[in-house]
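K.L.:
requesting a structural model of the entry that follows:
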Amino acid sequence: MSDPISDMLSRIRNAQMVKQKTTNLPYSKMKLDIAEILVREGFLIAVNKLGRKIDRTLELVIKYEEDGSPKISEIKRISKPSQRVYMPYKELHPLQGGLGRMILSTPLGLLTDREAKKKKVGGEILMEIW
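P.N.:
Numbers count the residues shown, from 1 in each chain. Sure, this is the predicted structure:
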């Protein structure tokens, strides 16, 4: 697999389309950090580490609205292995009128666009979510 983050986003999208409560994916530190940001920002309910050593996986608990629609309307990969996209903090703008988030890989670790702007640090835009 050449892009594990795109795989993660596809698994979330697919789970929402069939109204699954959870989805499992192979463990990596980067995916865990992204999932924790999504939980903190209110797009997922929880993330759980399952298994040990080589059999380790992540279980993502999907969040739905009261009417049954998924909390995540759109989730999009921006920076890809074939084309990296970087942005300085001064050019970061609110997404979807402030309702969406960008997740950036910065020298301070993974941050949302709001956190990066507050800390005055730019980086590689991994994904957009709203």
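K.L.:
which ones are touching the most centrally placed residue in the chain?
P.N.:
Among the residues of the chain, the one closest to the centroid is residue 34, at 4.5 Å (C-alpha atoms, centre = their mean). Residue 34 makes contact with 5, 8, 103, 110, 126-127 under the criterion C-beta atoms under 8 Å, 6 or more residues apart in numbering. For glycine as for every other residue, the C-beta is placed from the backbone atoms N, C-alpha and C.
K.L.:
so which of those belong to strands?
P.N.:
Counting by DSSP state E, the contacts of residue 34 place 103, 110, 126-127 in strands.
K.L.:
pull the lengthiest helix in the chain out as CSV, backbone CA atoms only.
P.N.:
In the chain, taking DSSP state H as the definition, the longest helix is helix 4-17. Once non-C-alpha atoms are left out, helix 4-17 reads as follows in CSV (Å, rounded to 0.1, in the frame of the first residue of the first chain):
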residue,chain,number,x,y,z
PRO,A,4,-1.9,4.4,4.3
ILE,A,5,-3.6,7.7,5.2
SER,A,6,-5.8,7.6,2.1
ASP,A,7,-6.6,4.0,3.0
MET,A,8,-7.7,5.2,6.4
LEU,A,9,-9.9,7.9,5.0
SER,A,10,-11.5,5.4,2.5
ARG,A,11,-12.3,3.0,5.3
ILE,A,12,-14.0,5.8,7.3
ARG,A,13,-16.0,6.9,4.2
ASN,A,14,-17.0,3.3,3.5
ALA,A,15,-18.0,2.5,7.1
GLN,A,16,-20.3,5.6,7.1
MET,A,17,-21.9,4.7,3.8
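K.L.:
from the contact counts, what lies against the following helix or strand past it?
P.N.:
Using DSSP states H and E, the helix or strand that follows helix 4-17 towards the C-terminus is strand 22-26. Contact here means 3 or more C-beta pairs under 8 Å, 6 or more residues apart in numbering; DSSP states H and E; on that basis strand 22-26 packs against helix 4-17, strand 57-62.
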